[in-house]
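Predicted model, plus sequence, below.
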Amino acid sequence: MLDYIFNLIGYRPAGGFDHNQILAIVIGICLGAYILILIVNHFVHRAKVRNLEIAMARFPNYADVRYKIAEIYYNYGDFDNAAKYYKEALAIYPYNSSIRIKLAMLTLEHFKDEELAFKMFAEVRFAVDAEPRAKYIIDTYLKEKKMYEKFHAGHAGKSPQTA
């Protein structure tokens, strides 16, 4: 394969390639491909956000558009913008448990504010009309993080259901 590529560009060392040269070439090709993928992902990310921002301008009271923008920023690693759009979505539709859960997860994982995250989880988990799916997601997530007991010890007694 390398012989074919180097014949195409007219490069061929006189003594052939040794293992170090082949390794350097392979690493260089992989690094170049990785950089190209990062560049393409950046432009795809920007295009998605731009299209959703157009939809947001056309439908300003539609919380799901802001939620989708927040998800894109979250997946891309821009947690400040993700939190901003999650909060905007909650301002429009404050009873959306999916948005509240994602914002609580973001607050716990990336902003390291355990007390605020637990408060947000408790508002969803211990609500009188809490969705079973939301309870399951919160419980599973906190068990995975090994914070389940701490969360229930601090917040289960303050819930409207146990009052």
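Cool, got the structure.

mind checking how far the longest helix belonging to the chain is from the chain centre?
Of all the segments of type helix in the chain, defined by DSSP state H, the longest one is helix 19-58. Relative to the chain's own centre, helix 19-58 is displaced by 17 Å; criterion: CA atoms, centre = their mean, to the nearest Å.

immediately after that helix, which helix or strand?
Using DSSP states H and E, the helix or strand that follows helix 19-58 towards the C-terminus is helix 63-76.

distance between whichever helix or strand comes after that following helix and the chain's centre?
Counting by DSSP H and E, the next helix or strand C-terminal to helix 63-76 is helix 79-92. Chain-centre distance of helix 79-92: 13 Å, with CA atoms, centre = their mean.

The chain should start at 46 in everything you say after this.
Yep, numbering from 46; the last one is helix 124-137 now.

Also compute the angle for helix 124-137 relative to helix 108-121, please.
If you take axes from the mean of the first three to the mean of the last three CA atoms, to 10 degrees, helix 124-137 sits at 160 degrees to helix 108-121.

Mind giving me the packing neighbours of helix 124-137?
Packing partners of helix 124-137 (3 or more CB pairs under 8 Å, 6 or more residues apart in numbering; DSSP states H and E): helix 108-121, helix 142-154. No exception for glycine: its C-beta is placed from N, CA and C like everyone else's.

quick one, which of these is nearest to Tyr181?
helix 142-154 (10.8 Å; CB to CB).

Tell me which other helices or strands the closest one touches.
Counting by 3+ CB pairs under 8 Å, 6+ apart, helix 142-154 packs on helix 108-121, helix 124-137, helix 159-170, helix 177-189.
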